[in-house]
Structure formats: structure tokens, C-alpha cells
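>>> After the sequence you'll find the predicted model.
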Amino acid sequence: MNTSYPLVIESGLFTLLLAVFLLGLVRRRADDLLAGWVTLVGLAGLTLAAWSAEPGRVALEGSFVLDELSLFGKRLFLLSGLLSVLATLAMTHPSFRRRGTEYYVVFLASLLGMLVLASARDLIVLFVAFELMSIPLYFLTGFLKGEDAAPEGAMKFFLIGSISSAVILYGLSFVYGAAGTTNMAAIPPAVAVGDPLMLLGLGLMLGGLGFKIAAVPFHMWVPDTYEAANTPFVAWISIAPKAAGFVAILRLYVEGVGEAAVLWVPLIATLAAVSIVAGNLMAIPQKNIKRLLAYSGVAHIGYLLLGLAAMSVSGVGMVLFYLVAYLFGNMGAFFVVQAVNGAEQSDDVEAYRGLARRSPMLALSLLLFLLSLGGIPFMAGFWAKLFVFWAAIEQGMYLLAFLGAVLTVVALYYYLVVARRMYIEDPAVPTPIPVPAPLMVAIGGCLAGIIVMGVYPEPWVQAFLRVALTLFSTN
Amino acid sequence: MDSPLDPLVLAVVLAPVSAFMLLALVAPLRRSGRPAAVVSILGAATAFVSAVLVWRGLDAPLQRVWTWLPDANGALASVGFLADEQSSVMLLLVTLVSLLVQIYSLGYLSDEPAPGIGRYYAYQSLFAFSMLGLVVAPNLVQLFVCWELVGLCSYLLIGFWYRKPSAARAAVKAFWTTKAGDVGLLIGIVLLWRHTGTFDFAELRQLVDGGLVGIDGLALITFCIYLGAAGKSAQFPLHVWLPDAMEGPTPVSALIHAATMVTAGVYLLVRMAFLFALTPDVLLLVAWVGAGTALMAAMLACAQNDIKRVLAYSTVSQLGYMMTAIGAGFASAGFFHLLTHGVFKALLFLGAGAVIHAVGTNDITRMGGLARRMPQTMVVFLVGTLSLAGLPLFGGFLSKEEVLAAVWDGGMTGPFVFLLVAAFLTAFYMFRVVFLAFFGPETSRESEHGGGHAPHDAPWSMSLPLWALALASMAIGVYFTFHHPETAFEAPGWLAPLATGVASGGVVLAWLTFQRKMISAEALAQATGPLRTAAARGFWVDEAFVAVYRGMLMALARIVGWIDRYIVDGVLNVVSAWTVSGGDGLRGIQTGKVQDYVLALAAGVVAVMWWLRGAM
């Protein structure tokens, strides 16, 4: 497909959004899956379009670019959205089914925000895209109104999210003040000369972005939100908004900055270390698997920041690799959680007792996802961890890499606690767990992802290194 | 770069692994028994046909590599294949024996329950893939990965009857003994990489040819690599696992412990002969250990009554021959012997399997007079025996003579004498088996397999591979008796008559002793005196290992165990207690109050500002 018009994917998504919205107006039924299927098919088409799109075009007077990094982001957002919608189709709550169309419209709006964000080269566009992404997320967190935790989780998420947006906006005003323009191209020269206003602005923005990616100490909203929201949605926000945050960070702090990027290294390294240690330690006592994955997710953000702290081509390339490996591993794990929740109505680790004997394939899938997240060889997560450590070591950050490596042992401990429940303990009920077909496809896709990336990582690494190279070579 | 042979070489390696995947993933197919066998045999047949085509079509070395683990500057590790003269003919041997053994196993394991057969064939396919991957490996990384896979398959197949304690024990012993060598190999590979910066055979060769490889420290590297080869190829004193490995099903012994896996060590040294040539000291060691192994194992073979153990020691002995030739600096002679030996030793094992299958015992003293009952088996076994003894017109004649010529030409008189004596003993112990088992009076016995019936020749699935291998041995023997290949070394004119004479002497002595009873076996045993006692106990190598194990390793283990229990565990317990309580403590931060969350966020922003204060 020849995308001569750079905004074609965004336009397509907007059209899809309108179509689903109109569909919801026309058809009012208690139990309707049509909106979901339309969303799914539309997203699949857009994913294919994003895959065949070529980088190298600019629109809106340079505010919107379609380059390697933005294409990477778009593909990742669309792919994770696609998987999440697949899993959403398996949601059976009556209160969800009744208002399903609403869910998809808002979901697509958030996705649209991400797509624009990936291409934003202007501070205003960036901020608007951020808000377009975030506000639907608050709404979707509280979507299951009937559940006790949902309104509370949504409220907390909204309050903290608003404050972090305010901090970003505050920082943005300093950046504008220092640069005199909202075009991001003005940032690198100002950073290079060490303009204090610019640094103040970027520092504040980093705090706000830290909230979006949930790095310690900006992570507090994560466990409460994950516990409150429905699982297919959690699977999605565990990766997509965080990837969006990373894309923004790469745009603001890495792209075109060149040598001056070294300035951010101690800051990012500290955030990485704190996130790795605190995330992994706090995951240990968790009894609820969604909270466990939430904290382990915080630790993974730490590992991603570790790769970023290297501030090198290979470091950034490996961050992108890590994001994709994390996408498959984490979303897959959440999908299994969703399947178990469907049968057990519980997210407690207790509920996984004897899963291997009840549903061996489901247990094996979760085991593989957890092993990938834990970084066991020949799973995608192994290379991801190895590569970010490698990138850090190349830059002489031995201590940080060592810290990360030690904490992976802790991570393996709490992942394997779940595995022990599944494989060693006896089940309370012997019946197998039913897995709806769409959910099965989603789990299968994630499995294929971690295995293919794990067995043959080479082409992926090459592609991501190419993306990373563009960030350092422009200018 | 693209060549029409590329897909064929890939087919050789990928056909067995596809069969394995199918059997491993599709459980109903695996449990179905015979259909699983058919899948595996089809995989092996495809591999064999492709190997033949590759061997026929290859005119120049063919190398393809794909990056596996990328690195900023080139590839950290790659996978691919290197098809040249050596590897293509080795492919032919491995796929041929593999195919025939799989067909043979159909008959041999017909009494197994169906799931067992499926498991057996899954292992067989995995083994074939690993071995073929090893043979075509273009670099040491792939070679090492396949090397370990081969070891794993050997473990699985030796312990195939895992309910039998001796089989389980033998599997573990084989695994650990070869593993000891593998550690050396791994160290050698890593050191070599540090030394030269490459894992690739072709690049290594270029470096060596260009004189770019420093000699300093190279001897240690080649020694470490030799350790790995010695473990796999059962060189003294790491040979102890091979006789015990006979606890596995006999076709497994034919495939793994005669023709393929045990030759991996020899193959590795053949592959790296150009590097070993730089370190003559190590080569000298290889030659002396090889010759010593050949002689010692030949003596041991004379003292065994278990037909498979005779063959196992004979394999150790022949591997010693190959190693000696490599040590003498003429790897091609060792490789040639590897190929011919692979064919006739597989034949001997399969023949022995047919006998065991028919009479239900491994003990040659309880056989006797089988020639009348199993004429076909007798003929093929005799072909194998004559080949092994190295008589003209039979498979091993020229290759054994070449090994002797190479060793003589290498100026190694001592090893040459060792090998000559071993050749005499080889003929003796093999004909001892033939006369005891096939000729002489019929012993009364109860057949376990035949359910009381008298022993008889094997069914077609077993006899077909036997005849195929017998014909191959004959063809090799006849062809090479009249067509001497060009060699880099000179065979003295007296060598062929001498070798033939020595071998005939062994045959005659066996005939006189066990057939005509003109020489009392007891008297012969007495005459050799303490040597025989020593041989019966395997020269106490096992006992030495046990003593070392008990005396040193166990003492060391006790010390390490104490340190582990009280110091390491203590530290770990404290650390893990801290970690868990740290997690609990940190959880306290998560109060659930939004005010606290905002406070943390604000504190974070302040911290970021503080960090930047220096820059601003």
C-alpha cells in the first residue's frame, strides 16, 4: 500500500472510530459483538497498512513526521491494540457486553492519541496527543461500574494523571520560554549550550513522563489501576501507554541531542536502579497476580530505562527490542490471567493451584510467558535483558548492569512461585478452564512472539538498531 | 553464492528434525508406535537420499551462514553449514547407518509397547539431527551446541530402558564422563576465540595458513579441545563409559557407540588438524594415548564374555587407531578408517543384536553352534569380523594398513608396535567370538524371545540392513584392495604382507584355541598371567576413578558442602529474609491514599530538579 499521505493511518483510525460510533447509535442490543468485530477487522487492516508504510515524510509544517521511530511506535500500538481487542471479544460480563460499543469507541480514541504522539515533533501536538491518549484511559479504567474497585481505581488514576499532565504542561511552558518556539527541533541546541530554563523544563517533563511510564517513584497508580480495570484493558495499558511514554522520551531527550544526551545519563540511571529494585522487591509479597504483574512491570520499566541510560545506538535499539519482547510476554500473561479469572472469578495466585493438571496448555503458556519475563534463555525476554545489560556494560555501567542482573534472580523467584502453584500443588477443582476462541488466538499470537524472538532474534535486532541509528544520525 | 545444492544440504539436516518435531509435538502420533517409526524412517530416508545427492554433486566447498546472535560488529554466533569433501562423506555415513538402524529397530523393538517405540524414534530423529548438525557445522559454536545435543541423545537412548537400574546408571555414567571432556572442549573453544577472535573454521584456516596465529599458548588450547574429543571418542582414561553404555538397545549401540557419536571426537580433530599441526607436542600425546588405548582395549576385549562388551572394547581400540593416525600428523588416514569402521562396526553390532534377539543372552559361552540355526546372520557377521580383522578384500583392510603406514611414516615406532600387537589381538578376539558363538557344539538353552522355539534368522526388517551393510563392507574392501587412493605418506612395501600376516596369526591362534581346542584356553589365560587378571578387571581404571572420587572428590565435596550449608546458605538466608522483609516494608508505602501518591510524585519531581541543579 502506497501511503503518499503521511496521516493516512491516523485518518483510517479516525474513520474506524466514527464507524463504530455510528454503529452503536444504529444498533442498540443487549448482547452485541458486532462493534468488537468491526474494530478488530479495522485494526487488522490498519496494522497491515502500518507494516507496509514507508518512512520519510513530513506534514503540518514539520509538526508531524513519519519516520522510523514513529512507524515503530505505530506498529507496536496497533499490534497491542489488536491483541487487546481480540481478548476483549472474550469478555462475557453482561454489563460490559451491553455497553461494548462505548468501550471500543473510547479505546480507539486513546489509540488515536498514541498514533499521533508517535509522530509528534511539536510540543503542542505532543501534549494534545498525550491527553487524547490519557483521558480515555481514565474512563476505561472505571468502565465496569458495577465492580467495587473500578470507580476508586479510575478516580485515583485520573487524579494522579491530571497532576502529572499539569507537571508536563508546566515543564513545557519553560521549554517554550527557552526555545521561543514549540518545534522540538529547537531543543537540542538549547540543551547543548546548557540553557538552565530548558533543563528545568525538560526536568519537569521527565517527572510527568515518569508517571506515564510508571517509573519509581511515579508508579503508585499502577497496582490500584491494574486491579480495578478489566484484564484485556490492563494487558494493553501495561504496554501501550508506556511505549508511548518511551517514544516521547526518545523524541525529547535523545533525538538529535547528540553528545549532550550524556547529561541525562545519571538521572535516567538512577530512575532505572530505583525502579528495578523497588519494583522487584514489592512484587514479592503480592498475593494477587495482577498486582504482582503490576509491580514486576515497574521493574521492567527499570530495565528499559537501564538500556536507555546507555544513551547509545545499541542501548536505544535494545530498548525497542525489550518493548516488543515485553509486549508479547506481558500481554500473554495477562490473557492467561483473564482466562483463569473467567472460570474462577479470582485473580489470587491461589486460584492457579494445580492449573497444569486442569489445563496443561494454559499452564504451559503462562509458564513460558513468565519465563520470558524472567529472562530464561531461548525466550524473547532473555535476549531483551541480555542486550540491555550488554549495552550498559559497553558504556562502562558495570554496577548498574550487575544490580539489574542480581534483581532478575528475585524476579525469577516470584515468577516461579506462580509456576510452583500451577505445577506442584493439587487443584481444588479438577475441571479444565474454558478458553474462548478469540482469547486462544491472542495467547497463541503472544506465544509465537516470545518463541520466534527467542529462537531467532537476529532480524528483529537489526531492524531495531536501524531505527535507533536514525535518532543519533539526524542533525 | 546460491548453489543448487543448498536446499539439499539443508534437507539432510532438516528432515530428521522435522520428524522429531512432529513426534514431539503430536502426542497421539508418538504414542501410536509404528506410524511414529514410519515418520522417523521417512525423515532418515530423505536425509540419506539428499546426502547421496550432495556427495555426488559437490565439486567445491559450499558454505552458508546465517547470523544467529547479532552483535554491533558482525555476528556473535551464527548457524549454517559447511559442505566439503570431509563433511559430505561423513553425512553419507551418518545418514546411511542412521537409516539402516532405524529400519532394523522395527524388528528389534517389536516387543516394546507402542508409546515406547514412539519415544525411541523421537530420540533417534533428534540424534540424527544433532549429529548431522555437528558434521556440517561451519563454526565451533554450532559444533559445540550439537555436540551437547548428541551427548544428551546418547544419555536418553542408553537409558531407554530406564526402569532397568543398570541402564539408568550407565546412562548417567556416560553423560558425566563425556561431560568431563566437554568442559575441556568449552574452555578450549573460548580460549581459541580469545586467541584468534573467530569461531569459524574457514577463517581459522585462513589465519593459520597466513601464519597469523601465535604459537604461544596454543598448545593449551589444542590440549583442551583434545580433552573434549577424548571424552566423546572414549580415549584412555575416559573410555570407561563406553562398555557400560551397552546397556542400551543394541541398535543404539550400533548407531551411536560405533558409527556416529563416538567418532565425533575423531571428526573434530580431523576438522581441526590444521591447527593441531602447529602444536606437535599435543599431537605426540594424541598418538601415544591413541596407541595405548588401542592396545589396552584390545586386551580387554579378549577377556570379555559379553558379546556387546567385546564389540564395545573393540570400538575403543579402533578409535585409538584413528587417533594415533591423527597424532602421527596424517588425519586423512584416521578419517578413512573412521568411515570404513563406521560401516563394518555397525554391521557387527546389528549382527550381534540379531543373535541376542534370537537367543536372549549376551553371553558368548552360552551360545555356540548358531551357524546352522542362523546361517544368514553367520555370513554377515563373518564379513564384519574379517573386515575388522583387516584381511584383504574386506572393509577394514586398506584403512587399517593406511593407519599403520601413516604412523610408521610419522616416525613413531613405539605406537606402531602397539598398533601391530593390537591388530593381532583384534583378529584373535573377534574370531574367538565367531568360533564360540557360531561354531562348536550347540549349547542347550531356552530362548527367551522365541518362546521356546529354536533360534532362527531375523525378520526382513532386521536382515535387510544387515545385508546392506555387509555388501557395503565388501564393496569398500574389494574396491580399495585394488584402488589405492593417493596419500601424503609412503607405505613401505613390507607393510601389507606384515599386517595381513599378523591378522592371520590372530585368526589361526583363535582357531587353534577355540575350534580345534589344540591349545587350552585356560593354559593360554595362564600364560598371560597377571595381564589377564588385570584385563578382566579393566586395568582398574574404574576402580581408580572410584578411589579418586571417594578419596578426593568426596572429601572436597564435604568441605564445600559444609561451606555451602553454613556460610553460603547462611548468607543467602539472611539476604533473602532481608529481601522479603524489604518487599513487605516497601509495600507499606502503597497506602492506597491518593494524597500519599501525589506526595511521592512531587518528591520525585523535586528529586529530578535536585539532580539537575548542577547542570543549571
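Cool, got the structure. Residues are numbered from 1 along each chain as shown, chains lettered A, B, ... in the order given.

>>> Tell me the residue of the stretch 301-450 of chain A that sits nearest chain B?
residue A:314 (5.5 Å; C-beta to the nearest C-beta). Quick note: C-beta positions are derived from backbone N, CA and C, even for glycine.

>>> Show me what the helix or strand that residue falls within is packed up against.
Assigned by DSSP states H and E, residue A:314 belongs to helix A:313-344. For helix A:313-344, the packing partners by 3 or more C-beta pairs under 8 Å, 6 or more residues apart in numbering or on different chains; DSSP states H and E come out as helix A:68-88, helix A:231-237, helix A:240-249, helix A:289-309, helix A:360-374, helix A:380-394, helix A:437-455, helix A:458-473.

>>> Next, count neighbours for residue A:377.
Residue crowding around residue A:377 was assessed by other C-beta atoms under 10 Å in any protein chain shown; the count is 10.

>>> ok, now which ones touch residue 278?
Looking at chain A here, since you left the chain open. A:216, A:219, A:298-299, B:586 (C-beta atoms under 8 Å, 6 or more residues apart in numbering or on different chains).

>>> wait, chain B
B:208, B:213, B:215, B:218, B:222.

>>> Please determine how far residue B:95 is located from residue B:11.
Here the criterion is C-beta to C-beta, to the nearest Å. By it, residue B:95 lies 11 Å from residue B:11.

>>> nearest residue to whichever residue of the stretch 1-150 of chain A sits closest to chain B other than its sequence neighbours?
Relative to chain B, the nearest point of the stretch 1-150 of chain A is residue A:149 (10.8 Å; C-beta to the nearest C-beta). In space, residue A:149 comes closest to residue A:228 once its chain neighbours are excluded; the distance is 4.2 Å by C-beta to C-beta, 6 or more residues apart in numbering or on different chains.

>>> okay, residue B:413: pLDDT?
What the model reports as pLDDT for residue B:413 is 83.

>>> That should have said residue A:72, apologies.
Note on residue A:72: pLDDT of 92.

>>> these two touch, right, it and residue A:468?
No - under the criterion of C-beta atoms under 8 Å, residue A:72 makes no contact with residue A:468, lying 9.6 Å away.

>>> Can you give me the neighbour number for the residue of the stretch 1-150 of chain A closest to chain B?
Once other C-beta under 10 Å is used to define contacts, residue A:149 is seen to have 15 neighbours.

>>> what's near enough to touch it?
Residues in contact with residue A:149 (C-beta under 8 Å, 6+ apart) are A:224, A:227-228.

>>> Mind putting the residues you listed into TSV with neighbour count and pLDDT?
Output for the contacts of residue A:149, formatted as TSV (neighbours: other C-beta atoms under 10 Å in any protein chain shown; pLDDT from 0 to 100):
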residue	neighbour count	pLDDT
A:224	24	85
A:227	17	86
A:228	24	85
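
>>> got a list of what the residue of the stretch 301-450 of chain A closest to chain B touches?
A:387, A:390-391, A:394, A:465, A:468, B:72.

>>> Out of those residues, which one has the weakest pLDDT?
pLDDT across these is at its lowest for residue B:72, which sits at 60.

>>> in the helix or strand in which residue A:25 is found, what's buried?
Counting by DSSP H and E, the element that carries residue A:25 is helix A:8-26. Neighbour-count burial for helix A:8-26, with 16 or more other C-beta atoms under 10 Å in any protein chain shown as criterion, is recorded at A:8-10, A:12-13, A:16-17, A:19-21, A:23-24.

>>> Please name the nearest non-neighbouring residue to residue 271.
In the absence of a named chain, chain A is used. With C-beta to C-beta, 6+ apart as the criterion, residue A:271 has its nearest non-adjacent residue at 4.9 Å, and that residue is residue A:215.

>>> I was after chain B.
Sequence neighbours aside, residue B:201 is the residue nearest to residue B:271 in space, at 6.4 Å (criterion: C-beta to C-beta, 6+ apart).

>>> Count the residues that sit near the one you found.
Applying other C-beta under 10 Å, we find 21 residues neighbouring residue B:201.

>>> Might you report the residue contacts of it?
Residues near residue B:201 by C-beta under 8 Å, 6+ apart: B:82, B:137-140, B:271-272.

>>> circling back: just give me the closest of the contacts of residue B:278 to chain A.
Compare each of these with chain A using C-beta to the nearest C-beta and the shortest gap goes to residue B:213, at 27.7 Å.

>>> before we move on, back to that, more neighbours: residue B:95 and residue B:11, which one.
More neighbours surround residue B:95 than the other of residue B:95 and residue B:11, with 29 against 17 (other C-beta under 10 Å).

>>> For the more buried one, give its distance to residue A:73.
If you go by C-beta to C-beta, the gap between residue B:95 and residue A:73 works out to 49 Å.

>>> same question, residue A:265
Between residue A:265 and residue A:73 the computed distance is 23 Å (C-beta to C-beta).

>>> Ok, residue B:468 next?
Between residue B:468 and residue A:73 the computed distance is 61 Å (C-beta to C-beta).

>>> More neighbours: which of those two?
Neighbours of residue B:468 and residue A:73, each counted by other C-beta under 10 Å, are more numerous for residue A:73; the result is 27 against 19.

>>> which ones are touching the closest residue in space to that one that isn't next to it in sequence?
Leaving aside its sequence neighbours, residue A:73 sits nearest to residue A:118 (C-beta to C-beta, 6+ apart; 3.2 Å). The neighbours of residue A:118, taking C-beta under 8 Å, 6+ apart as the test, are A:69-74, A:77, A:244, A:247.

>>> go on, residue B:464?
With C-beta under 8 Å, 6+ apart, residue B:464 has these contacts: B:100, B:103-104.

>>> Specify the angle between the helix or strand encompassing residue A:42 and helix A:68-88 in degrees.
Counting by DSSP H and E, the element that carries residue A:42 is helix A:34-52. Interaxial angle of helix A:34-52 relative to helix A:68-88 (axes from the mean of the first three to the mean of the last three C-alpha atoms, to 10 degrees): 150 degrees.

>>> now the helices for the stretch 51-200 of chain B?
If you assign secondary structure with DSSP state H, counting those that start in this stretch, the helices in the stretch 51-200 of chain B sit at B:85-108, B:114-136, B:140-158, B:165-196.

>>> Now distance to chain A and mean pLDDT too, for these, in JSON lines please.
What follows is the helices of the stretch 51-200 of chain B, written out as JSON lines (distance: least, C-beta to the nearest C-beta, whole Å; pLDDT from 0 to 100):
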{"stretch": "helix B:85-108", "distance to chain A": "24", "mean pLDDT": "87"}
{"stretch": "helix B:114-136", "distance to chain A": "15", "mean pLDDT": "87"}
{"stretch": "helix B:140-158", "distance to chain A": "11", "mean pLDDT": "86"}
{"stretch": "helix B:165-196", "distance to chain A": "16", "mean pLDDT": "83"}
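
>>> Among the ones you listed, single out whichever gets nearest to residue A:85.
When the helices of the stretch 51-200 of chain B are ranked by proximity to residue A:85, the top entry is helix B:114-136, at 39.1 Å, counting by C-beta to C-beta.

>>> how big is the angle separating the closest one from helix B:85-108?
Helix B:114-136 and helix B:85-108 are oriented at 170 degrees to each other (the same axes, to 10 degrees).

>>> For residue 278, what is the enclosing helix or strand?
Just going to use chain A. Under the criterion DSSP H and E, the helix or strand holding residue A:278 is helix A:265-283.

>>> think we crossed wires, I meant chain B
Assigned by DSSP H and E, residue B:278 falls outside every helix and strand.
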